[in-house]
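# Give me a model of this one.
(2 chains)
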Number of protein chains: 2
Amino acid sequence: MLDVLNKRTSASVYDSSHALKKDDIIALVHSATLAPSAFNLQNWRFIAVQSEAGKAKLLPIAYGQQKVVDSAVTFIICGTLEPHLGLPAALKPAVEAGILDEATFAGWVGAAEAMYGSNPRFQRDEAIRSGSLAAMTLMLAAQEMGLASTPMIGFNADELSAAFNLGATDVPVMLVTVGKAGAGNWPQKPRKAVLEVLSFA
Amino acid sequence: MLDVLNKRTSASVYDSSHALKKDDIIALVHSATLAPSAFNLQNWRFIAVQSEAGKAKLLPIAYGQQKVVDSAVTFIICGTLEPHLGLPAALKPAVEAGILDEATFAGWVGAAEAMYGSNPRFQRDEAIRSGSLAAMTLMLAAQEMGLASTPMIGFNADELSAAFNLGATDVPVMLVTVGKAGAGNWPQKPRKAVLEVLSFA
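Residues are numbered from 1 along each chain as shown, chains lettered A, B, ... in the order given. Predicted coordinates for the structure are as follows:
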C-alpha cells in the first residue's frame, strides 16, 4: 500500500493503444465504493466514458485535454445531493446482514434527515467529500493494477451535466482518467515538508 | 493495496491504552500529503489532537463521541481557501527540481488565479476535495500500519475553528481518528451493487 502511495503520480500522457476490459472498469469502481461515506450514504455515481463517441463528446467539455481521448477510460465521478433520501435503501443490506440493528438504522436515518434535510451547502460538501474519497481509492486501485490515473477538475460542469444526462442531484466532483501510462510523464512532484502542514494539539 | 481496501472499516471502538509515537503520526501525515491536489496546490493542513488537554477540548465539539478520547489521535483535516495565493510556494520545489519548467509554472499560477480568484464556491469545493483525498490516503496508510481509523463529520465547525485557532481560510473537512481497534467493532458494511452506481458512455 505505502509502495503504491509512494509511486502514484498523476499522468499527463497515456498509451492510446491500450484499452480496458469492462470487468477491469467494474473492478475499479468496486474498489472506489469501498471508500467510507458518512452513515454509509454511498452518495456517489460513476460514469465510465470509454466509447469513441463518449470520448469525443467529453473532449471539448474537458477543454481539449488529450488524455481524455488517449486514456482507456475517464470516470465522471459524481457525488449526489439529498443523500438522506437514499439512506434507507443504502443501509438496508447492512440491516439485513444483521450488522446494524433497527434502532441504529432508525437513529442514523433520523440524524441524516436532520443534518442534510434543510442544509444545501452541507449536502454539496458531502457530495464532494464522498466523491473525493471514492476517487482516491479508485486511483490507488488503478496504481495497484499497474495503471496510471489523473484527477482532473478542468471541465465545464454545466456542459458535462447536459451532455451526459446527469440528474439534478448529481454533482460532478472530478474526472479521473485511467489507462496505461505513455512515455514522458512527470515524476512525482515534491511535497511541502510534513511539519509545514502538521501541528499538534 | 486491494487487501488493505477490502479490510478497511470505520472503527467505532478503540483500545484506549494504545498511544502513537510522534514519528508514526508524522508518517501518517506524510502519506496523506502524497494524495494529489489540483495544480499540486497542497491546500491542506492537519492538526493532530493527541494530548489529554486537546482531546478534552475536542470531545464536546465532536458531540461527545468517545472515540475522540479512546483513539490515539484525532486528525483535524482542513482544506484551505484562496489556494491560488499559496501555489507559487507550493510549486517552487518542483521547479527547483527541474520537474516543471518556468513556462509551465507561470501557466499554472495564472490558471489557478483565474479559476479560484473570484470564485468562493469553487475555493470551498477545492478545499473539501483536497482534504478528502488526503484523508483517504491517511486512512489507508493507517490500515497498512495495522491501525484502525474513523472519518467523522459530526462536529461543530465554528466551535472547532475557535478552539483550535484555525485560520479564516482553514475549512475543517473532516475529523479522522486513528488508533488500535478495540473489541466489538462492526464488520465492513455492505455496499450497493457496482452496476447500481456505474454506467457506461
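
# residues in contact with A:Leu166?
The contact partners of A:Leu166, by CB atoms under 8 Å, 6 or more residues apart in numbering or on different chains, come to A:76, A:78, A:160, A:172. Any C-beta I mention is one placed from the backbone N, CA and C, and that applies to glycine too.

# when you check chain B, which of the residues you listed turn up near it?
Contacts with chain B are made by A:Ile76 out of the contacts of A:Leu166, judged by CB under 8 Å from any CB of the partner chain.

# Among the contacts of A:Leu166, which ones are in strands?
Members of the contacts of A:Leu166 lying in strands (criterion: DSSP state E): A:76, A:78, A:172.

# With neighbour count and pLDDT added, can I get those residues in JSON lines?
Formatted as JSON lines, the ones in strands among the contacts of A:Leu166 follow (neighbours: other CB atoms under 10 Å in any protein chain shown; pLDDT from 0 to 100):
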{"residue": "A:Ile76", "neighbour count": "27", "pLDDT": "98"}
{"residue": "A:Cys78", "neighbour count": "27", "pLDDT": "98"}
{"residue": "A:Pro172", "neighbour count": "24", "pLDDT": "98"}
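
# Tell me where chain A has strands.
Counting by DSSP E, the strands of chain A are A:44-49, A:73-80, A:148-152, A:170-179, A:198-200.

# Make JSON lines from these and add distance to A:Ala11 to it.
Putting the strands of chain A into JSON lines (distance: least, CB to CB, whole Å) gives the following:
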{"stretch": "strand A:44-49", "distance to A:Ala11": "17"}
{"stretch": "strand A:73-80", "distance to A:Ala11": "12"}
{"stretch": "strand A:148-152", "distance to A:Ala11": "4"}
{"stretch": "strand A:170-179", "distance to A:Ala11": "8"}
{"stretch": "strand A:198-200", "distance to A:Ala11": "28"}
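
# So which of those strands is nearest B:Pro36?
Of all the strands of chain A, strand A:148-152 sits nearest to B:Pro36, with 5.3 Å by CB to CB.

# farthest-separated two in the contacts of A:Leu166?
Taking CB to CB, no two of the contacts of A:Leu166 sit farther apart than A:Cys78 and A:Leu160, at 9.5 Å.

# and for the two, which residues touch both?
Contacts common to A:Cys78 and A:Leu160, judged by CB under 8 Å, 6+ apart, are A:166, A:172.

# I'd guessed A:Gln69 sits against A:Leu59; true?
I think there's a mix-up here, since residue A:69 is Val and not Gln. Yes - between A:Val69 and A:Leu59 there is a contact at 5.9 Å, judged by CB atoms under 8 Å.

# buried set for the longest helix seen in chain A?
For chain A, the longest helix by residue count, based on DSSP state H, is helix A:120-144. Residues A:123-144 are the ones in helix A:120-144 that count as buried (16 or more other CB atoms under 10 Å in any protein chain shown).

# would you list the ones in strands among the contacts of A:Leu166 in JSON lines and tack on distance to B:Ser149?
Shown next, in JSON lines, are the ones in strands among the contacts of A:Leu166 (distance: CB to CB, whole Å):
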{"residue": "A:Ile76", "distance to B:Ser149": "28"}
{"residue": "A:Cys78", "distance to B:Ser149": "25"}
{"residue": "A:Pro172", "distance to B:Ser149": "27"}
